[in-house]
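Chemist: sequence and predicted structure, then a few things I'm wondering about:
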Amino acid sequence: MLNNPLDFEKDIAELDALIAELKQMGRDPSVRADAAQKGIDIEARIAEVEAAREERLRQIFANLTPWNQVQMARHPQRPYTLDYIRMLCDDFFELYGDRINADDPAIVGGLARFQGRPVVVLGHQKGRDLKERQQRNFGSARPAGFRKALRLMKLAEKFRKPLIIFVDTPAAEANLMAEEEGISTTIAVNLREMIMLRVPIVVAVIGEGGSGGALGIAVGDRVLMLEHAIYSVIPPEGCAAILWKDRNRAAEAAEALKLTARHALEFGLVDAIVPEPIGGAHRDPQAMAATLKAAIAEHLSALLALSPDALTQARYAKFRQMGRWQELPAVHPEVEALET
Amino acid sequence: MLNNPLDFEKDIAELDALIAELKQMGRDPSVRADAAQKGIDIEARIAEVEAAREERLRQIFANLTPWNQVQMARHPQRPYTLDYIRMLCDDFFELYGDRINADDPAIVGGLARFQGRPVVVLGHQKGRDLKERQQRNFGSARPAGFRKALRLMKLAEKFRKPLIIFVDTPAAEANLMAEEEGISTTIAVNLREMIMLRVPIVVAVIGEGGSGGALGIAVGDRVLMLEHAIYSVIPPEGCAAILWKDRNRAAEAAEALKLTARHALEFGLVDAIVPEPIGGAHRDPQAMAATLKAAIAEHLSALLALSPDALTQARYAKFRQMGRWQELPAVHPEVEALET
Amino acid sequence: MARGGWFRRPLRNGNRPAPVPGDLWTKCPRCGEISFTRDLERNLKVCPKCGYHHKLTARERIQMTVDPDSFEEIDAGVCSLDPLGFPEYAEKLMRAQQATGLCDAIVTGYARIEGYPLLLAAADFAFMGGSMGGALGEKVVRMMERAVRERLPVVVFTANGGGARMQEGLFSLMQMAKTSAGVALLHREAVPYIVVLTDPTMAGVYASFASLGDIILAEPGATIGFAGRRVGNQDLGVKLPDDFQTAEFQQRCGMVDRVVPRREMRGTLALLLGLLAEERAHAE
Amino acid sequence: MARGGWFRRPLRNGNRPAPVPGDLWTKCPRCGEISFTRDLERNLKVCPKCGYHHKLTARERIQMTVDPDSFEEIDAGVCSLDPLGFPEYAEKLMRAQQATGLCDAIVTGYARIEGYPLLLAAADFAFMGGSMGGALGEKVVRMMERAVRERLPVVVFTANGGGARMQEGLFSLMQMAKTSAGVALLHREAVPYIVVLTDPTMAGVYASFASLGDIILAEPGATIGFAGRRVGNQDLGVKLPDDFQTAEFQQRCGMVDRVVPRREMRGTLALLLGLLAEERAHAE
Ligand SMILES: [Zn+2]
Ligand SMILES: [Zn+2]
């Protein structure tokens, strides 16, 4: 049962409450006896409600709007990077610091084993409770975070360890200090360096793929998206504010931005969607982790077959072809002159 | 004539004053007439005093103590890095910033032409007047300065430009902010990176070679020292404070530390001494620049004949052999046991 | 979007339509000084009173910077699409094309500066705030790949206040990676890359190819930063410096090598191109 | 300095002379707690009351860290000289050698940690503050070159409060470049290099090989910094943080990966050696 259900999760929460109530009744001998006398089969009733719950869940999640997807991606009970690292990896040894001036807790990472193989893992880390959320700046990385990420990537490259990267951030930090420390430059350097990194990189967008703050650690050979994750050039609220001067029209903006996993896959901008348990990753983190682990393992094993040169060439080609444009025939002034 | 003569320069300053006085007399017709009447030849008198001055200068500078050398190296009228860059190079284009969070004016550098050839030049920069001295932190570089220096070195390497580096610093900055920004790490990274840099590096210690703050930009294929420069593991005042709990015994410490150019050359820790005009670089900066330019040109041209691999191998070997030790025969416990 | 008749004239004369009478005078947005537009243009569009650097169109920038008749445009026909069917984007695009005579927000091509050959790009703020969509990304990368093939240095004048073009959604975000990939090639192949940040350069452009120059120059007073003052998540009680997100601020923070007045830009670029020009490797 | 009779005994038993009776008890310099020295040693010389990590000799450190009987010392005979004829240096050296049974302030050799083979160095603060002279630099570089030849990971325990050894003048400064050159080799050849900063690590050592680890660990409360509090040119009115120049401070500043209690050090190193162990390149 969830503590803070989203609007469209409320029906489920109510059914969950009902099931819990029935189960408690079933554990009370006097209630059971009473029910048996009245010919009520509590177990059957529970099974009925559970079936109804499954049906409703299926119904709701077959019809999520883009805005619902945004809400899902931001769900406060969704598993975060450290949850996945713990569920997917063994021997995780977290590393700290950018070797310049700070450790940014909004990005975490370190050495670990994935299916027995040493890897470097890293990702944005949101906080679970209020205190941790503030400490981790809600997963919005400062320059030190991007520098730490790059340090770990270079460590991976040096020791030929594949990289597994989890993306989950509303955006990069944008306050005065971030500007003074060159948040733009730091992100740009990561983009340039990741393209040429000579080890496999598998990226999983597990929640919010928030613009440059996400991309700054997301230049992967494979970019996977969880079913209910989003990936967007701008938060829908910001987009609405610019387009209609009204942040409350975020739902419309979410629609227009086509920021869901399905769209990103259609556009060829991510490589695969990792399905979530019905109702979302937070309803069954273990199952989610198992699916994600299998997906990462599959992609990683394909990448491990490639030479570093082949990897970087393919990665370059992959990002180089992104975008849509058309090319009009070249304009020759002489021809134009004849036409006029 | 100098404004702030050192103690041992005072004789010269007095003779300079006398010469100036005589010359002024010589310009006054009435004084000249008067002198002529008395049979005094002002010109001859000037020549006499000038000869005495030269003789005294030679005398003084043949017998400088190590502490005098320290004073010379710190002389406030000595030419600084930007003076040498202007005198030795054309087309200097100063570059700013470490691309991390600051520009440190205690280290300057940029692109320039040396004998027509594009090079990267950089060095510590002290300030001439009080305001500039403070702005440049007396030539004590902060982490941003060492990072800027490394950025310029990498630029030189990328575009295959030789490096010319001027060293002139009392020490690296050591306050709270320097510590927070990893002054130690920054210097260490420079040492590691300079060893493998694939372009020729000529270093000239032009004034104070102050411990790690100097070495952090001084790992060169050739390290030259101006005749009156010093190079030391610790400022003599600090050494005296540690040894004798008395900073005023700095002169003794200077003696003990053997921090002069002559010693550094004898020890094989620098490659050549660049002679200064009699009385020091500050008495004839143009002549000093000409000598230094010729020395740098000579060493650079030898280095330009080497491949990048040969350069880095030689540089590694050069620093790898520094230090004095002895090796006792290996101790075998069994043998010892027999002896006992 | 097919090439319409409106498209030909501006492309052919390669510049804006002649100024309407109201454009005879130009008011300085900083000091309010009113100058004859023609005088202002003679002064490189720098306010004679306060030194304000007026925005330039891409073509003005190129004309002011390169040797006469040396510019040879490439990839002029690369145009944006509307891959998301984003509200009003198609119309905005067409209006921008009509207003500027450009296919998109950047012009790229071969040029010479005091004889030094190079590849040059100039962004045009008048085209949807200079924002970066698929066409801009494609043109930038093509230019960089060409620079690597032909070993020509690259100079880019940015003026991309909008950063990534949100109307192209995730496609536009990916232009950050795409253009930075281009720079990665230049970097690996040691092709000189000089960036000139002009007013304004923000967000996705500043956080990609615009901050990756070997040497980064900026025009005085140019607005340069990551998130707009209002967009940024400013901590309460933090007083922003007066010059926050200007060229001068960015230089102080170590991100910009030199703030170069427009009058000195051409000479500065020539000096740098000369200093960075390729030589034979010393015995490698 | 010839090897004297005094030199043999301590070298042979590889440890300090037996503790005099007064050493039966040890007082914690932080909390004042008095413990049986033997109990304290069983607790890895960590104060049972406040967790203070007492300084260890190089041999204690090695014994505590490596698999039993796995340590095989190298270059044990490399001794310092007095190249400057520096006042009192020769005497100090001899006293330090007699007191510690070491030739100089660092011990290097082959070892195994939970079976993983490696090269290991441990500095000894008791030898002139662990300061770095020509012998230390030579031993460190030899070990690193050996690590490259034999592709063995390197673990270094620093405890060099004195930094460079001023009694060797400019020679000692150059050990910074020399040891960093060794690290440059390790770095280029991708040989894992783990540094453990222990109390105290300062100045020329911290500003060279000690801060260049791929992974940098530190013991709790260890003093780590550039210039001593009194030596540093502290700005007037600047309040130093309470933990200034400690392991925890350095971690907060991004310089240290993890502060690892002594009890967990061996296991941590084993974990890291396993994670960094060489594998076949994937199809390179
Ligand atoms: Zn004005
Ligand atoms: Zn205690």
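Modeler: That came through, no problem. Residues are numbered from 1 along each chain as shown, chains lettered A, B, ... in the order given. Ligands and ions are numbered 1, 2, ... in the order given.
Chemist: can you list the residues of chain A near ligand 2?
Modeler: Within chain A, no position is near ligand 2 by CB under 5 Å from the ion. Yep, even glycine has a C-beta here, placed from its N, CA and C like the rest.
Chemist: which SS class is the residue lying closest to A:I296 once chain neighbours are set aside?
Modeler: Nearest non-adjacent residue to A:I296, counting by CB to CB, 6 or more residues apart in numbering or on different chains: A:V202, 5.3 Å away. On the three-state scheme (DSSP: H, G, I helix; E, B strand; the rest coil), A:V202 is labelled strand.
Chemist: how is chain A partitioned into domains?
Modeler: Listed by automatic domain parsing, the domain ranges of chain A are A:7-63, A:71-320.
Chemist: ok, now how distant is the closest residue to chain D within the stretch 201-340 of chain A from B:S30?
Modeler: Nearest residue of the stretch 201-340 of chain A to chain D, counting by CB to the nearest CB: A:L304, 4.7 Å away. For A:L304, the distance to B:S30 (CB to CB, to the nearest Å) stands at 99 Å.
Chemist: swap in A:T291?
Modeler: On the measure of CB to CB, A:T291 and B:S30 end up 108 Å apart.
Chemist: same question, A:G212
Modeler: Going from A:G212 to B:S30 by CB to CB gives 82 Å.
Chemist: looking at those two, which is more packed in?
Modeler: Set A:G212 next to B:S30 and count neighbours by other CB atoms under 10 Å in any protein chain shown: A:G212 wins out with 32 against 8.
Chemist: show the pLDDT at the more buried one.
Modeler: On pLDDT, A:G212 comes in at 96.
Chemist: list the contacts of the closest residue to chain D within the stretch 51-200 of chain C.
Modeler: Per CB to the nearest CB, C:R188 is where the stretch 51-200 of chain C lies closest to chain D, at 17.9 Å. Neighbouring residues of C:R188 by CB atoms under 8 Å, 6 or more residues apart in numbering or on different chains: A:M196.
Chemist: got the phi and psi for the residue nearest the centre of chain C?
Modeler: What sits nearest the mean C-alpha location of chain C, by CA atoms, centre = their mean, is C:T158, with 2.5 Å. Per-residue torsions, C:T158: phi -90, psi 150 (degrees, to the nearest 10).
Chemist: ok, residues contacting stretch A:311-324?
Modeler: With contact meaning CB under 8 Å, 6+ apart, stretch A:311-324 is reached by A:195-201, A:219-221, A:268-269, A:303, A:306, C:81, C:83, C:133-135, C:137-138, C:141, C:168, C:171-172, C:174-175, C:177-178, C:181-182, C:184-185.
Chemist: what subset of these is buried?
Modeler: Buried subset of these (neighbour count, 16 or more other CB atoms under 10 Å in any protein chain shown): A:195-197, A:199-201, A:219-221, A:269, A:303, A:306, C:81, C:83, C:133-135, C:137-138, C:141, C:168, C:171-172, C:174-175, C:177-178, C:181-182, C:184-185.
Chemist: ranges for the strands of the chain?
Modeler: The chain I'm using is chain A. For chain A, the strands defined by DSSP state E occupy A:90-94, A:107-114, A:117-124, A:163-169, A:201-210, A:222-226, A:230-232, A:272-274, A:325-327.
Chemist: my bad, chain C
Modeler: C:25-27, C:34-36, C:72-74, C:78-80, C:106-113, C:116-123, C:154-158, C:193-197, C:201-202, C:215-218, C:224-225, C:258-259.
Chemist: and those, which is most packed in?
Modeler: For the strands of chain C, the largest average neighbour count (mean count of other CB atoms under 10 Å in any protein chain shown) is found in strand C:201-202, namely a mean of 29.
Chemist: could you see whether chain B lies near that strand?
Modeler: No. Contact of strand C:201-202 with chain B (CB under 8 Å from any CB of the partner chain) is absent, the minimum separation being 15.8 Å.
Chemist: about what we covered before: so which of the buried ones among the contacts of stretch A:311-324 are in helices?
Modeler: A:195, A:303, C:134-135, C:137-138, C:141, C:171-172, C:174-175, C:177-178, C:181-182, C:184-185 (DSSP state H).
Chemist: would you map the helices across the stretch 151-284 of chain C?
Modeler: Taking DSSP state H, counting those that start in this stretch as the test, the helices found in the stretch 151-284 of chain C are C:169-188, C:203-206, C:247-252, C:262-276.
Chemist: and for the stretch 1-150 of chain C?
Modeler: Applying DSSP H, counting those that start in this stretch to the stretch 1-150 of chain C gives helices spanning C:8-13, C:37-42, C:58-65, C:89-100, C:134-150.
Chemist: just checking, what packs against the last one?
Modeler: In terms of contact count using 3 or more CB pairs under 8 Å, 6 or more residues apart in numbering or on different chains; DSSP states H and E, helix C:134-150 is assigned the packing partners strand A:325-327, strand C:72-74, strand C:78-80, strand C:106-113, strand C:116-123, strand C:154-158, helix C:169-188.
Chemist: how about that helix: buried residues?
Modeler: Residues of helix C:134-150 classed as buried: C:134-144, C:146-148 (neighbour count, 16+ other CB under 10 Å).
Chemist: what's the answer for the third one, then?
Modeler: For helix C:58-65, a neighbour-count test (16+ other CB under 10 Å) marks C:58-62, C:64-65 as buried.
Chemist: cool, the fourth one as well?
Modeler: Applying a neighbour-count criterion of 16+ other CB under 10 Å, one finds C:89, C:92-93, C:96-97, C:100 buried in helix C:89-100.
Chemist: for C:T268, give me its contacts.
Modeler: For C:T268, the contact set (CB under 8 Å, 6+ apart) comprises B:93, C:217, C:258, C:260.
Chemist: out of those residues, who's nearest chain A?
Modeler: Among the contacts of C:T268, and counting by CB to the nearest CB, the member closest to chain A is C:L217, at 14.8 Å.
Chemist: mind checking the end-to-end distance for stretch C:190-201?
Modeler: 25 Å (CA to CA, to the nearest Å).
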